[in-house]
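Engineer: How does the following fold in three dimensions:
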Amino acid sequence: MGLRWPIIQPTAKSRRRKTKTPSRSEEVSNHKEQSLATKMVQPRFVRPSPSSPSSGTGEPNSSNLYVANCGPAVGLSHDAIGAVFSAFGEVKGVFPADESGVRVIVSFADPFSAKSALEALSGRPCPDLDGRTLHIRYSVLQLPSQTQVNECVPVSLSGSDLNIPGLFLLPDFVTAEEEQQLLAAVDTQPWIGLAKRRVQHYGYEFCYGTRNVDTKNRLGELPTFVSPILQRISLFPNLDYDPASLNLDQLTVNEYPCGVGLSPHIDTHSAFEDCIFSLSLAGPCIMEFRRYSASTWKAASTTTDDDEKPDSSTCIKKALYLPPRSMLLLSGEARYAWNHYIPHHKIDKVKDKVIRRSPRRVSFTLRKVRNHPCRCEFPQYCDSQQQKHN
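Structural biologist: Numbering: from 1, shown residues only. Alright, predicted model coming up:
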């Protein structure tokens, strides 16, 4: 694929899981099932408030459990999980806690069944779930009125407008023809299904359960279809970084159906070096950036609810429109200190325009795997430096 270098104006200083190729009839059936699933309204759950008895060791007032380290991404179906937990009482349903595929919500008919399951299973290997050690806490149902947007974050069209050091957005990084070639290339490769989206990993597999990579398990070189992109990145304006950190060796391809977003998070410091590049293809989205205080960020990093709104006094929010074919660079403060987040919307409001998301958005996230502890200037957000002091 011969990529042309476009005229660009800077905006600011698995092991791939092998899967059987489905037949055409299976593809149609799977597509219908996925379309139906995306139309279903799933209940939403959040942490109990600190004053709630269910958040401590007293009598529970929640019949819902947040269960980590099990789910479809590790080969455990919701039916299999429900069967294990039903030994403690009637299970009303098992729901994805987020898009990772390794965290679920188990909803019981009564809170005492939930308490019995938590006390019996939390922190212990479960033989009926492949011996996985489950990490369990209470969760509460969020009422519909609580999920409505309480505030509107103004959306910028230029990265420089956000005034976040280390954030750059380059529009038209690839042409429309190149975009179609890249999409065609990934569509010939097998996808890994998560709870709400599909992914592909190259170079190293990103493990959603630990939010890290296994540096001892290299999958191989990055695919040839991204070679022109890597060459173009080397010519990225305003790059003043250690050349070694730009020797990108990990690629995650994400496919987002319409209405599916991304939980607020900071890419794990110990997993990747300073520069993170994200190429948007096939459709636009809004990306929100959140700067939390240290203590609030720690709580937010473990939340089960993608849209939970912390106190605005402890969180700065900014939003950026990412058009198709644009390249986003997060480095320095933008990479290490700001959560990035894609709201779960089907329609976005940009300035005075309403923009409907496309049926599909695909992102190429390119990173350099880190082989040493992170020594960044933001220790309050850094897992390497937090672990050093613990």
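Engineer: Could you use CA atoms for every contact and neighbour count after this?
Structural biologist: OK.
Engineer: Can you classify residue 333 as helix, strand or coil?
Structural biologist: helix (DSSP: H, G, I helix; E, B strand; the rest coil).
Engineer: Hmm, it is touching residue 166, no?
Structural biologist: Yes - using C-alpha atoms under 8 Å, residue 333 is in contact with residue 166, at 5.9 Å.
Engineer: so what's residue 62 up against?
Structural biologist: 54, 110-111, 114, 138-140 (C-alpha atoms under 8 Å, 6 or more residues apart in numbering).
Engineer: Could you export those residues as JSON lines, including neighbour count and distance to residue 213?
Structural biologist: Shown next, in JSON lines, are those (neighbours: other C-alpha atoms under 10 Å; distance: C-alpha to C-alpha, whole Å):
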{"residue": "54", "neighbour count": "23", "distance to residue 213": "34"}
{"residue": "110", "neighbour count": "17", "distance to residue 213": "39"}
{"residue": "111", "neighbour count": "20", "distance to residue 213": "37"}
{"residue": "114", "neighbour count": "28", "distance to residue 213": "33"}
{"residue": "138", "neighbour count": "26", "distance to residue 213": "29"}
{"residue": "139", "neighbour count": "26", "distance to residue 213": "28"}
{"residue": "140", "neighbour count": "21", "distance to residue 213": "31"}
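Engineer: Closest one of these to residue 236?
Structural biologist: Nearest to residue 236, judged by C-alpha to C-alpha, of those is residue 139 at 44.6 Å.
Engineer: what's the helix or strand hosting residue 319 packed up against?
Structural biologist: Element membership for residue 319 (DSSP states H and E) is strand 315-322. Secondary-structure packing of strand 315-322 (3 or more C-alpha pairs under 8 Å, 6 or more residues apart in numbering; DSSP states H and E): strand 155-156, helix 159-162, strand 285-292.
Engineer: What's the mean pLDDT across it?
Structural biologist: Mean pLDDT, strand 315-322: 94.
Engineer: Buried residues in that strand, which are they?
Structural biologist: Across strand 315-322, burial judged by 16 or more other C-alpha atoms under 10 Å covers 317-322.
Engineer: for stretch 92-108, same thing?
Structural biologist: By 16+ other C-alpha under 10 Å, the buried positions in stretch 92-108 come out as 94-108.
Engineer: nearest to residue 275, of these?
Structural biologist: Out of these, the member with the shortest distance to residue 275 (by C-alpha to C-alpha) is residue 100, at 23.1 Å.
Engineer: residues contacting residue 345?
Structural biologist: 258-261, 357.
Engineer: how would you label it: helix, strand or coil?
Structural biologist: Here residue 345 takes the coil state, with states given by three-state DSSP.
Engineer: coming back round to it: report the two of the buried residues of strand 315-322 separated the most.
Structural biologist: It's 317 and 322 that sit farthest apart of the buried residues of strand 315-322, by C-alpha to C-alpha, at 16.2 Å.
Engineer: ranking the helices and strands packed on strand 315-322 by burial, who's on top?
Structural biologist: Highest mean neighbour count among the helices and strands packed on strand 315-322 (mean count of other C-alpha atoms under 10 Å): strand 285-292, with a mean of 22.
Engineer: helices or strands next to that one in the packing?
Structural biologist: Applying 3+ C-alpha pairs under 8 Å, 6+ apart, we find strand 285-292 packed against strand 315-322, strand 339-342.
Engineer: could I get these as TSV with distance to residue 270?
Structural biologist: Below are the helices and strands packed on strand 285-292 laid out as TSV (distance: least, C-alpha to C-alpha, whole Å):
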stretch	distance to residue 270
strand 315-322	24
strand 339-342	16
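Engineer: quick one, what contacts the closest residue to residue 234 other than its chain neighbours?
Structural biologist: Closest residue to residue 234 apart from its sequence neighbours, by C-alpha to C-alpha, 6 or more residues apart in numbering: residue 246 at 7.6 Å. Residue 246 makes contacts with 234, 275, 368, as judged by C-alpha under 8 Å, 6+ apart.
Engineer: Could you identify the buried members of those residues?
Structural biologist: Buried members of the contacts of residue 246, counted by 16+ other C-alpha under 10 Å: 275, 368.
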